[in-house]
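Trainee: pasting the sequence and the predicted model now:
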Amino acid sequence: MNPLNLAWTLLGLCIATSAQAAGKWVQTPYAPPKVLFEFYLDNPQKVGSALYWVRSLMNPLTEAPYSYPPEDFSIVVVLHGTEIVTVATKNEAKYQEAVDRMRYYADLGVKFKVCGQAAEDYGYALKDFQPFVEVVPNAITELAHWQQQGYALIVPQIVDKKIDIESIR
């Protein structure tokens, strides 16, 4: 075969192969999670976006084909940034949607823990928090504790979108 015909043949094979290539669905055999979420947000308004990370973990695992009951999950959320104001009872009306979502997750077994040192910095006492909140001595030692128990650490990245999806597709 002459070199020009060989080149055309190879080019044709490459085009045919790439035209047939596509993504492939993989059903990973997930187990019920043991997860620790660290919320340390620069704006309490971002707590709703951070809670979507909890939802993104739970929803696929409670639906088919996994269909795990939420009581099989072990999920801890440690709050120690500005978002602690969202779980202060005096701010419930201001952050009602986020509080309702946290209460819903707490009813499913998710543990919400607030850093006691941060609470003190904000002037909060134990009596100031929602009933589903547990106040712990310190967020950093709490994070270390749960990781030592084998919990996977997830730190939600909440960014302000500057580009809409349609313009970059």
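Mentor: Thanks, I have it.
Trainee: low-scoring pLDDT stretches of the protein, where are they?
Mentor: 1-19 (pLDDT under 70).
Trainee: check which helix or strand Val77 maps to.
Mentor: Per DSSP states H and E: Val77 is located in strand 74-79.
Trainee: can you check Val35 too?
Mentor: Val35 belongs to strand 34-39 when assigned by DSSP H and E.
Trainee: buried stuff in that strand?
Mentor: Residues of strand 34-39 classed as buried: Val35, Leu36, Phe37, Glu38, Phe39 (neighbour count, 16 or more other CB atoms under 10 Å). Every C-beta, even on glycine, is put in place using the N, C-alpha and C of the backbone.
Trainee: and the residues you listed, which two are the farthest apart?
Mentor: Val35 and Phe39 (12.8 Å; CB to CB).
Trainee: so which of the buried residues of strand 34-39 comes closest to Thr28?
Mentor: Val35 (15.3 Å).
Trainee: show me what the closest one is bridged to.
Mentor: Legend: beta-bridge partners of Val35 under DSSP bridges are Ile75, Ala152.
Trainee: the protein: helices as residue ranges?
Mentor: Applying DSSP state H to the chain gives helices spanning 3-20, 47-62, 96-107, 116-121, 139-148, 165-168.
Trainee: quick check: Val135 touching Ala119?
Mentor: Yes. Under the criterion of CB atoms under 8 Å, Val135 is in contact with Ala119, at a separation of 6.0 Å.
Trainee: first to last residue in stretch 22-30, what's the distance?
Mentor: End-to-end distance for stretch 22-30: 24 Å, by CA to CA, to the nearest Å.
Trainee: please apply the same query to stretch 115-131.
Mentor: With CA to CA as the measure, stretch 115-131 spans 15 Å from end to end.
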